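# Below is the structure, and that's it, no one-letter string:
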């Protein structure tokens with residue numbers, strides 16, 4: 001299977017998209033290089049060449065991975081809420 005990396009679209013400003021991979025590395029990419037329909041929160045599955053460089057022209061939106069990540073974040077938040085004693089924060 002060819003190498004690939006997942007990138008989440010953190011934000012889009014003007015014609016630039018700020019993307020973050022699972023290691024926390026960020027990239028700025030021209031929005032026109034990304035698949036049609038890319039928006040903030042989109043997860044992109046991006047093939048890499050032999051040198052590890054992304055091939056944006058063959059990137060694909062991965063809705064299933066985005067949904068999985070949202071569900072995971074929601075579950076994590078619910079677990080944290082259960083541990084929260086409530087009340088004011090004191091330092």
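Received the coordinates, thanks. This structure is a prediction, so every number in the text was calculated from the model and none was measured.
# Just the buried positions in stretch 35-47, please.
38, 42, 43, 44, 45, 46, 47 (16 or more other Cβ atoms under 10 Å). C-beta here means a position set from N, CA and C on the backbone, and glycine is covered the same way.
# scratch that, stretch 21-36
Per 16+ other Cβ under 10 Å, stretch 21-36 contains these buried residues: 29, 34.
# circling back: I'd like the buried residues of stretch 35-47 as a markdown table, with distance to residue 60 appended.
A markdown table is the format used below for the buried residues of stretch 35-47 (distance: Cβ to Cβ, whole Å):
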| residue | distance to residue 60 |
| --- | --- |
| 38 | 10 |
| 42 | 10 |
| 43 | 10 |
| 44 | 7 |
| 45 | 5 |
| 46 | 8 |
| 47 | 9 |
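# Residue 78: which of the residues you listed is nearest?
Ranked by distance to residue 78 (Cβ to Cβ), these are led by residue 43 at 21.5 Å.
# residues touching that closest one, list them.
6, 7, 8, 9, 61, 62, 63, 65, 66, 69 (Cβ atoms under 8 Å, 6 or more residues apart in numbering).
# thinking again about what came up before, any chance of JSON lines for the buried residues of stretch 35-47, columns secondary structure and distance to residue 76?
JSON lines is the format used below for the buried residues of stretch 35-47 (DSSP: H, G, I helix; E, B strand; the rest coil; distance: Cβ to Cβ, whole Å):
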{"residue": "38", "secondary structure": "coil", "distance to residue 76": "25"}
{"residue": "42", "secondary structure": "coil", "distance to residue 76": "20"}
{"residue": "43", "secondary structure": "strand", "distance to residue 76": "17"}
{"residue": "44", "secondary structure": "strand", "distance to residue 76": "22"}
{"residue": "45", "secondary structure": "strand", "distance to residue 76": "23"}
{"residue": "46", "secondary structure": "strand", "distance to residue 76": "25"}
{"residue": "47", "secondary structure": "strand", "distance to residue 76": "30"}
